[in-house]
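Undergrad: A structural model of the following input is requested.
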Amino acid sequence: MHIKDVCLLHQLQAFFGGQGTLTTTSKVGRYTIVGISDIINLLIPHFNQYPLQSAKVIDYELWKSCILIMQSLGHLTLEGLQQIVALKSVLNFGLSVLLRTAFPYLPTITRPAYLPSLVALHPFWVSGFITGDGSFHVTINPKNNVLPAMTIGLHLRGEGELLLLKKIQDFFGFGGISISGNKVDYKVTKFSHLLSLISHFNSYSVGGLKLYNYKIWVEILELISKQSHLTAEGLAKIQSLKTNMNKWD
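TA: Okay, here's the model as predicted:
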């Protein structure tokens, strides 16, 4: 993650009992768990109990299949190793040129299609997902109209991403969905709906730098509620607040 969100990685490491390794550079923080025993005893039970809701669940299930092969020592056989490489071919970014050259004959595996779970979304999951993929932002157009919004944007890999955003739309009961190229967005712009979002996030907070941006965003909404944006002083205040939002450098 970006170094400004490294606090989230510290929280994750603490959640998993201090296991794993956290490393940082000037720009990036990385939390890694590589021990098979930790993966089997910590990660897999967690994700089995609290399933992923986005398309990442497909990668998780493929990854878990590789782990289970290793748990039974199947990776020490040629057949088991080929099965792992075949699974990796449809996992995340697929195989490197080196691996494709080293394993020219592999079992054929089709990546499963992603469909959202029928289980209702948990409010904490929704806030966590928005922490990762959502954005609180404010636009001021040439007529000095102040336009706040909350957006979740996903890259389309199939129908699943659209269905997930529709599920989030149903969770809140408002907002609109649009598709442009290979991207699908869920966006809330109506002011009364934005105020309803505040009620949600007061109970189920976002985290990391997103929380910092959210607090500025709320301050701007409060100024709009008081119609301060209609005055030169209020508009200048909003413009000043806006310059501090979504800054990663």
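Undergrad: C-alpha only now, for contacts and for neighbours.
TA: Noted.
Undergrad: So which elements touch the longest helix seen in the chain?
TA: For the chain, the helix reaching the highest residue count under DSSP state H is reported as helix 208-225. If you count contacts as 3 or more C-alpha pairs under 8 Å, 6 or more residues apart in numbering; DSSP states H and E, helix 208-225 packs onto helix 6-15, helix 123-133, strand 134-140, helix 232-242.
Undergrad: so which of these comes closest to residue 211?
TA: Minimum separation from residue 211 across the helices and strands packed on helix 208-225 (C-alpha to C-alpha) falls at helix 123-133, 7.9 Å.
Undergrad: With only the CA atoms kept, save that closest one in PDB.
TA: Listed next in PDB are the C-alpha coordinates belonging to helix 123-133 (Å, rounded to 0.1, in the frame of the first residue of the first chain):
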ATOM      1  CA  PRO A 123     -21.800  -2.800   6.900                       C
ATOM      2  CA  PHE A 124     -18.200  -3.200   8.100                       C
ATOM      3  CA  TRP A 125     -17.400  -4.900   4.800                       C
ATOM      4  CA  VAL A 126     -18.900  -2.100   2.800                       C
ATOM      5  CA  SER A 127     -16.900   0.500   4.700                       C
ATOM      6  CA  GLY A 128     -13.700  -1.600   4.300                       C
ATOM      7  CA  PHE A 129     -14.400  -2.000   0.600                       C
ATOM      8  CA  ILE A 130     -14.800   1.800   0.200                       C
ATOM      9  CA  THR A 131     -11.600   2.300   2.200                       C
ATOM     10  CA  GLY A 132      -9.900   0.400  -0.600                       C
ATOM     11  CA  ASP A 133     -11.900   1.200  -3.800                       C
END
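Undergrad: circling back to that earlier point, return the distance of the longest helix of the chain from the chain's centre.
TA: Shown here is helix 208-225, whose average C-alpha point lies 20 Å from the average C-alpha point of the whole chain (C-alpha atoms, centre = their mean, to the nearest Å).
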